[in-house]
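Peer 1: Prediction below, plus the sequence it came from.
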Amino acid sequence: MKDVLRILISPVVWLASFSAVYALHGFVCELDPGNSEIGISWIRIVLVAAFLFAAALQIVLLTLMYSPRFGSAPGFARSVSRASGWVGLVATVWTLFPTLAISTCAG
Amino acid sequence: MNALARHRKLTAIWSSEPGWKGWFSTVNHSDVGRMFIVTAAFHFLVGGILAMLIRAQLATPHSAFAGPEIYSQLFTMHGTIMMFLFAIPMIEGLAIYLLPKMLGTRDLAYPRLTAYGYWCYFFGGAMLLISLLFGIAPDSGWFMYPPLTGRIHSPGINTDFWLIGITFVEISAICAAVEFTVSILKYRAPGMTLAKMPVFAWYMLVVSLMILTGFPPLILGSILLELERAFGMPFFQVELGGDSLLWQHLFWLFGHPEVYIIFLPAAGMVSTILPVMSSTTLLGYRWVVAAAVALAILSFGLWVHHMFTTGIPHMGLAFFSAASTLVAVPTAVQVFAWIGTMWKGSPTLRLPMLHILGFFVTFVIGGLTGVMVAVVPFDWQVHDTAFVTAHLHYVLFGGFVFPVLAGIYYWLPLVTGNRRFFRLGEMAFALIFLGFHVTFLAMHWVGLMGQRRRISTYLPEDGWTVINLISSVGGFVMAFGLTLVLIGILLNLAVRHRARRNPWRSGTLEWAIPRPSAAYNFASLPQVNSREPLWDNPVLPAELARGDGYLGDAATGRRESLMVDIATGKPEQLVIYPANTRLPVILAAVTGVFFVSLLVKIYVITPFAIAAVAALGWRWVWQLGSRQDLGDQPIGHGVLIPPIAEVSRPPGWWGSVFLLVANATLFGSLLFGYAFLWTIAPGWPPPAFMEPSLPTMLAAAGGVMLAAGGTAIAVRKNQNGSNPAVAISAALTGALGLVVAFAMMLWNAPPAAEHAYNATIVVLGSYGLFHATLTSLMVLFLLARQRAGYISQRRRGELSIVMVWAIYLFVVTGLIILAVYLPGLVG
């Protein structure tokens, strides 16, 4: 079961963080906390921080997949869990990148 | 015992009752799989006829063939039938039939559940078809958006048929998903590690997990909408704190993964059949598995791309646009793996291969138009036009029907024992392929010219007449091709032209069994050492028939199979299956009475139906287990393993864990809905929060701790050889206390019809009450079983199953108390 979990964990964490950032986006847009002292809106700061946290989490997971202690034994499960680890990281960067570039709450 | 004697003995043990009575009592996966496939094919026929009626209506402008009311029923039922009564059940049927054979085992994990799932599907489907016959079918489109489906705009029973009928049918999908997940993980041939599993099993494992997490949001949405319609609980009414967008979120949280739930098993068939047709192995097995996993999970992050025109902020659009384009990558990995497989092998153009090539062309076009609609500005232009309908059909017909037709022709010799005699299939393929592309290329075109979906007629000056006529002609050509497929299959059944074993020279285990397949599948279970056991050992079928594998001795007279370790495939437990029984069909019928009582709003029957379901459920589980310790049992080759009743994690434990995954998703969706309304819906915060009640909170806290703690102590005491009766009684007291606490919560809840907040509180409390009652029944059952002598230090599995449910109750009780009382405490 651990091998199945290793294969699933990174994409599942992507899904959780992607959904959480989307929910956070709705929440902070509703609150509308205004601009920070450096002129960037708090909404942008919070969302970018969430994006970076999600990406960092994926990097940690990917590192674990490559570590002899937490990764799978050599063979099928190791290859697939590492591949899905990369999927989680790339998906996080690609899908949450808009926090850096797109207007925050305008519809 | 020689092979023939073994065959006769095993057939007597495993086969269903002779004659039509056997249909109602069989629990054998081959029988139930065939019943699923035939019933799904019948629904495909009905859905296809509806499609022909739609095309007849649209063939000319000002058509008077069907009025708008009937036309609305036609397109709604076409979509509903094809999605819920054909595609998913066809997958279930094929997988129920094939998986045990491919995995080298004798049946799925829960044979009675397989049969129960079928009968729920049968009765639920019948409800919807009856509504169609009487002209009261659902008529609001297959995704049932409120406020159109609310009581004000749809006052009749039509919408209720959809909400209640589909929920009934979805029981079947959840049953099948639990069944497949546990079977693929635990019911395999000895030695079949994860790396040696047939690739179709990987796809089905992924799809099963998707069903467990994808279907609950829709089930919840259907429950909430029905509660609104029946009792005025305003979840989707803006003026009372609801929001119709909540339905769209819940629906598409299901609806988008649904597309991949339909596509991935078909891709699994392609990955299975294509290498055989190319006389080689699948290129990049590991990459294909990783791509299937990636595609499955990514598909859960796309749901909002169906809502691009609902006024979502740009950043939200960008999230889902990016995710929608990303999903093309794992799809492409699979497509390149298939192309590479053909490149390295020697493809031969036999009938299944024709359909696979049809799949390639059609699905790739559907994928490309998918990327087009993932781009927000383009989607805004084509939203709700025939372009989207055409895209959907390219993906679903191309990505599902062509592979299924390939699969049907590929596995037909296994099912019937016959080979094709008349060459109708090739002509059928040509007609289907041609007809499909004429129909739906034209539909793309007319969509780009502005023709909206779901319109019952149009004007000559719109300029769509010729294109629609071409599209309709194509539709009828395709229908003729599909009719030829049906005739070809019937001829194959009728004309005895004996096929040889393994006619395609495949390497997977389903071809190692007698054809047509025997009720027991394998006379003895194989030891698997590679992904293509038949290529390694061509005489394997003869060896298994001689009883050289595991469980080759049929002397016990029981239906036996093996559970294995997930990673290594090492035998762990001896499975003893229940025999044929009518309990599943009776239970499904009583479940149907429950749903019908809700549909026709005769609520006086509902509690009796619930009590009957509980009583039958009690009988269902009571029939399992044993009153004596059997000890470790020989399974052949000198291996001794314990029977399932004498381990800590029996099949029921695994089934409970995965059922609770679905249950937790439903509960999570409810909390999501609560948070969504709170954040997005107008009219929040509500006029008043629910007042925190100290007695209720104390009763809940005490009850849940006693229930979970008592169960844990009972497990520990039983392990140590002590009598667990006192601890079980304490757990029962706690669970009953919790029932009282949730009843108090509901009693004090504000009127549910006044605000969506109040309605949410009532649903949360009801969820808690249901689970507290269920756990009470389970603990009471344990007590009865312990007194009847079914539980001993060795026979401990039932205690661990109830423990899982008690832990779940503990967690959800905490969350419900927080969700209900925290706003009142801080506000």
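Peer 2: It's in. Predicted model, so just to flag it, every value in this text is computed and none were measured.

Peer 1: middle-most residue in chain B, spatially?
Peer 2: Closest residue to the average C-alpha location of chain B: B:A173 at 2.8 Å, with Cα atoms, centre = their mean.

Peer 1: That one against B:P216, yeah?
Peer 2: No. With contacts counted by Cβ atoms under 8 Å, B:A173 stays clear of B:P216, the gap being 10.6 Å. Placement of C-beta: from N, CA and C, glycine included.

Peer 1: can you give me how far stretch A:41-55 is from the chain middle?
Peer 2: On the basis of Cα atoms, centre = their mean, to the nearest Å, stretch A:41-55 is displaced by 11 Å from the centre of the chain it belongs to.

Peer 1: What of stretch B:672-688?
Peer 2: If you compare the mean C-alpha spot of stretch B:672-688 with that of the full chain, they lie 32 Å apart, counting by Cα atoms, centre = their mean.

Peer 1: quick one: buried residues of it?
Peer 2: Judged by neighbour count using 16 or more other Cβ atoms under 10 Å in any protein chain shown, the buried positions of stretch B:672-688 are B:F672, B:G673, B:Y674, B:F676, B:L677, B:W678, B:I680, B:A681, B:G683, B:P686.

Peer 1: Relative to B:L205, how far out is B:L459?
Peer 2: Taken as Cβ to Cβ, to the nearest Å, the spacing of B:L459 relative to B:L205 amounts to 51 Å.

Peer 1: who has more neighbours, the two?
Peer 2: When B:L459 and B:L205 are compared for neighbours, B:L205 comes out ahead with 24 against 10, by other Cβ atoms under 10 Å in any protein chain shown.

Peer 1: residue contacts, that one?
Peer 2: B:F180, B:T181, B:I184, B:L185 (Cβ atoms under 8 Å, 6 or more residues apart in numbering or on different chains).

Peer 1: What is the neighbour count of the second one?
Peer 2: To tie it back to what came earlier, the one meant is B:T181. Here the count is done by other Cβ under 10 Å, and B:T181 has 25 residues near it.

Peer 1: The first one too?
Peer 2: Counted with other Cβ under 10 Å, the neighbours of B:F180 add up to 28.

Peer 1: Excluding chain neighbours, what is closest to it?
Peer 2: Of all residues beyond its chain neighbours, the one nearest B:F180 is B:S208 (4.1 Å), with distances taken as Cβ to Cβ, 6 or more residues apart in numbering or on different chains.

Peer 1: can you tell me the average pLDDT over the helix or strand harbouring the one you found?
Peer 2: Per DSSP states H and E, B:S208 falls inside helix B:199-231. Per-region confidence: helix B:199-231 scores 96 on mean pLDDT.

Peer 1: Please pull up the helix or strand immediately following it.
Peer 2: Secondary structure here is assigned by DSSP H and E; on that basis, the next helix or strand after helix B:199-231 toward the C-terminus is helix B:244-277.

Peer 1: Please work out the average pLDDT along that following helix.
Peer 2: The predicted confidence, averaged over helix B:244-277, sits at 94.

Peer 1: Determine the set of other helices and strands touching that helix.
Peer 2: The contact analysis (3 or more Cβ pairs under 8 Å, 6 or more residues apart in numbering or on different chains; DSSP states H and E) places helix B:244-277 against helix B:88-103, helix B:199-231, helix B:285-298, helix B:328-344, helix B:351-374, helix B:386-396, helix B:402-416, helix B:651-680.
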